[in-house]
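1. Sequence and predicted structure are below.
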Amino acid sequence: MCGIVGIFGSNFNFSQLDGMVASQQHRGPDAQGLYVDPSGVAGLGHNRLSIIDLSEAGRQPMNDSTGRYKLVFNGEIYNYLELRRQLEADYRFRTRTDSEVLLAAYQKWGERCLDNLIGMFSFLIWDEQDRRLFAARDRFGVKPLYYYQDREGTLFVASEIKALRAAGIPARPDPTAWATYLAFGLYDHSERTFWEGIRSLQPGHTLAWHRGRTTTSRWYDLAERVGPQYDDRPLDAVREEYLALLTESVRLRFRADVPVGINLSGGLDSSTLLGLVQAVQGAESDVKAFTFITGDPQYDETPWVKQMLARTLHPSIICPISPEDVPALAESVQAHEDEPFGGLPTLAYARLFEQARREGVIVLLDGQGMDEQWAGYDYYVSALAGEATGVVQGTRESPVRPESLAGEFRSLAEPLKQARPFPDALRNTQYRDARYTKIPRALRFNDRASMRSSTELREPFLDHRLFELALRQPPERKIAGETSKWLLREIARELLPDGVVEAPKRPLQTPQREWLRGPLRGWANDLIEHSLDRHGRSWLDANVVRSEWQKFLRAESDNSFYVWQWISLGLLSVNENRQTIGDPSQVIGAARPEMTIEVI
């Protein structure tokens, strides 16, 4: 896990490149490197978080064996050892890194190398001979990549938006993005970001630049890979294949030269992850398990966690978060996110990642993705019945308040334009959540929250082979009567006690609603008023916002998402003029590392 940046074009400026790298130091506190093309039209930058091959040989930017291709890479290629064996006959390796395997794969297969990669990644490869850029992002977008092109055709690329701003790109709010978010609760669903002109390279897409012309194209399509037909093989064959893939996915994600831990809650998905860790690492495994708590018994999952860990040797690390932590933590996390984030759960995870770093655990495994694979949310039942569902947040009550927006501003909002590639509503809803709503936003939240503490988060359940196999299954293997994730539960019986397997879904919950009405009421009110001061005429109807806020405080609404939207608007405004990201003091235990500069 690292940070990458690049500038390509006639407006290339070394000081801008250096500033971009400095702004992402939290993503890679172990080393920093720069490369400048001899023509002076391109440069690459890298922040290194050392995970595989901790030696100096793993520094980036990295050259291939010919010197033609220059790479900066963020992420992990989990099957790099298998790929290396395929490539060794034609390529002389100088390091043990997955980065060099990626370079060798590109040298041999070109853009088609992407089909052979199992991993999470975003990378830039500069062809010094042809002066071309090739960039790519992984299938689900676990690793981010943002870009901006100026009027002269110079392209700026980075892992985080703040790095583009560090290059002097103006931070002008995109009214359409904000209206869409506030009216429909949509974010991270398209290439549009909350800032004008700054785009997010979409999951499963590539980007190319040559002589001022930038193009993007799709290299992976989940729907095409799944196809319209159901998997009609016997259930036992599917169960066996899926469990084998699950086990391999976890095994591959333990490849690291630093300590690996796991995020653990009390749910089925997290428990399945723990069971797989036991299967892969053995009964004597002492991998540390991290769990956050809020001190509210209503949301306390530690009894479940203790029950699961009782038969293992895994140390349990409890990571508390309290209302007193929230104001400062929210401001810090918001500065790292660059865009609105999902509220108290993201803050709780941020606290967990801080603790993991202090414990010396650099890599954490997480359980994201099973609900989307196996139809775990309540509203999938409606989709199974063939009913179109517009639910995005997964709540019965509308999570947004479009009536709180000024009329002209509200008209800018764009509803979700999602593809419906499958003949059934259930899979179309699963596809929506995987491609446009649930997964993209969760991945962005978690990437920034983990990298804030220079920790790498891996998602074994987002292995594309697992997702494709699950989506091919007929609906009765996902929802059976009142039982969600039916086949996953049957598979999990080989790993877990029946009590855990049969437990109803408990969505990740925090006392956000209770805290905003109680100890955080004054803090929230101040930020809402700050939002109204900034946008009370052009974006928001102040009377409606204040009225809805009072209704929320009187418990006339159980949903707090729209309140957090207004808080996010206030937090971003507060952070607008603060430049704290990139300061070594913001990285736990880190000072700015030595810089390597290559100018050929």
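-> All right, it came through fine. Since the model is a prediction, treat every value here as computed from it, not as a measurement.
2. Which helix or strand lies directly C-terminal to the helix or strand hosting Val280?
-> Per DSSP states H and E: Val280 is located in helix 268-281. Sequence-wise, the next helix or strand downstream of helix 268-281 (DSSP H and E) is strand 289-293.
3. counting contacts, what elements does that following strand pack onto?
-> strand 260-263, helix 302-309, strand 316-320, helix 344-358 (3 or more C-beta pairs under 8 Å, 6 or more residues apart in numbering; DSSP states H and E). Placement of C-beta: from N, CA and C, glycine included.
4. so what strands line up beside it?
-> Here strand 289-293 has these sheet partners by DSSP bridges: strand 260-263 (parallel), strand 316-320 (parallel).
5. and the last one, which residues are buried?
-> Counting neighbours by 16 or more other C-beta atoms under 10 Å, one finds that the buried residues in strand 316-320 are 316-317, 319.
6. Could you report the pLDDT at the spatially most central residue of the chain?
-> Computing the C-alpha centroid of the chain and ranking residues by C-alpha atoms, centre = their mean puts Leu443 first, at 1.9 Å. With respect to pLDDT, Leu443 scores 98.
7. ditto for the one 4 residues further on
-> With respect to pLDDT, Asp447 scores 98.
8. Likewise for His189?
-> Value listed for His189 in the pLDDT field: 97.
9. before we move on, back to that, TSV please, covering the strands paired with strand 289-293 and showing distance to Tyr91.
-> Shown next, in TSV, are the strands paired with strand 289-293 (distance: least, C-beta to C-beta, whole Å):
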stretch	distance to Tyr91
strand 260-263	28
strand 316-320	41
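10. now those strands as CSV including mean pLDDT and distance to Tyr436?
-> As requested, the strands paired with strand 289-293 are exported to CSV (pLDDT from 0 to 100; distance: least, C-beta to C-beta, whole Å):
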stretch, mean pLDDT, distance to Tyr436
strand 260-263, 96, 24
strand 316-320, 94, 31
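11. Which one, of the ones you listed, ends up nearest to Pro399?
-> Using C-beta to C-beta as the measure, strand 260-263 is the one of these that comes nearest Pro399, at 24.7 Å.
12. Run through who's touching the closest one.
-> 253-254, 270, 273-274, 277, 287-291, 314, 317, 349, 352, 356, 359, 361-367 (C-beta atoms under 8 Å, 6 or more residues apart in numbering).
13. Buried among those residues? Need that as a selection in ChimeraX.
-> A single ChimeraX command selects the buried members of those (16+ other C-beta under 10 Å):
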select :253,254,270,273,274,277,287,288,289,290,291,314,317,349,352,356,361,362,363,364,365,366,367
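14. Longest helix of this protein, counting residues only.
-> Criterion DSSP state H: the longest helix present in the chain is helix 235-252.
15. avg pLDDT for it?
-> 98.
16. what's the angle from it to helix 268-281?
-> Orientation of helix 235-252 against helix 268-281 (axes from the mean of the first three to the mean of the last three C-alpha atoms, to 10 degrees) gives an angle of 70 degrees.
17. which SS class is the nearest residue to Glu324 once chain neighbours are set aside?
-> Leaving aside its sequence neighbours, Glu324 sits nearest to Pro519 (C-beta to C-beta, 6 or more residues apart in numbering; 7.7 Å). Following DSSP: H, G, I helix; E, B strand; the rest coil, Pro519 is assigned to coil.
18. For Pro519, give its distance to Gly40.
-> For Pro519, the distance to Gly40 equals 56 Å [C-beta to C-beta, to the nearest Å].
19. returning to that earlier point: and the helix holding Val280, what other elements does it pack with?
-> Applying 3+ C-beta pairs under 8 Å, 6+ apart, we find helix 268-281 packed against helix 235-252, strand 260-263, helix 302-309, helix 370-374, helix 486-492, helix 498-501.
20. now do 10 Å
-> Applying 3 or more C-beta pairs under 10 Å, 6 or more residues apart in numbering; DSSP states H and E, one finds that helix 268-281 contacts helix 235-252, strand 260-263, strand 289-293, helix 302-309, strand 363-365, helix 370-374, helix 486-492, helix 498-501.
21. then that helix to PDB, C-alphas only?
-> Output in PDB follows, covering the C-alpha atoms of helix 268-281 (Å, rounded to 0.1, in the frame of the first residue of the first chain):
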ATOM      1  CA  LEU A 268     -21.300 -14.000  10.100                       C
ATOM      2  CA  ASP A 269     -18.900 -12.500   7.600                       C
ATOM      3  CA  SER A 270     -16.300 -11.500  10.200                       C
ATOM      4  CA  SER A 271     -16.700 -14.900  11.900                       C
ATOM      5  CA  THR A 272     -16.200 -16.700   8.600                       C
ATOM      6  CA  LEU A 273     -13.000 -14.600   8.000                       C
ATOM      7  CA  LEU A 274     -11.800 -15.800  11.500                       C
ATOM      8  CA  GLY A 275     -12.600 -19.400  10.700                       C
ATOM      9  CA  LEU A 276     -10.700 -19.100   7.400                       C
ATOM     10  CA  VAL A 277      -7.700 -17.600   9.200                       C
ATOM     11  CA  GLN A 278      -7.700 -20.600  11.500                       C
ATOM     12  CA  ALA A 279      -7.900 -23.000   8.600                       C
ATOM     13  CA  VAL A 280      -5.100 -21.200   6.700                       C
ATOM     14  CA  GLN A 281      -2.700 -20.300   9.600                       C
END
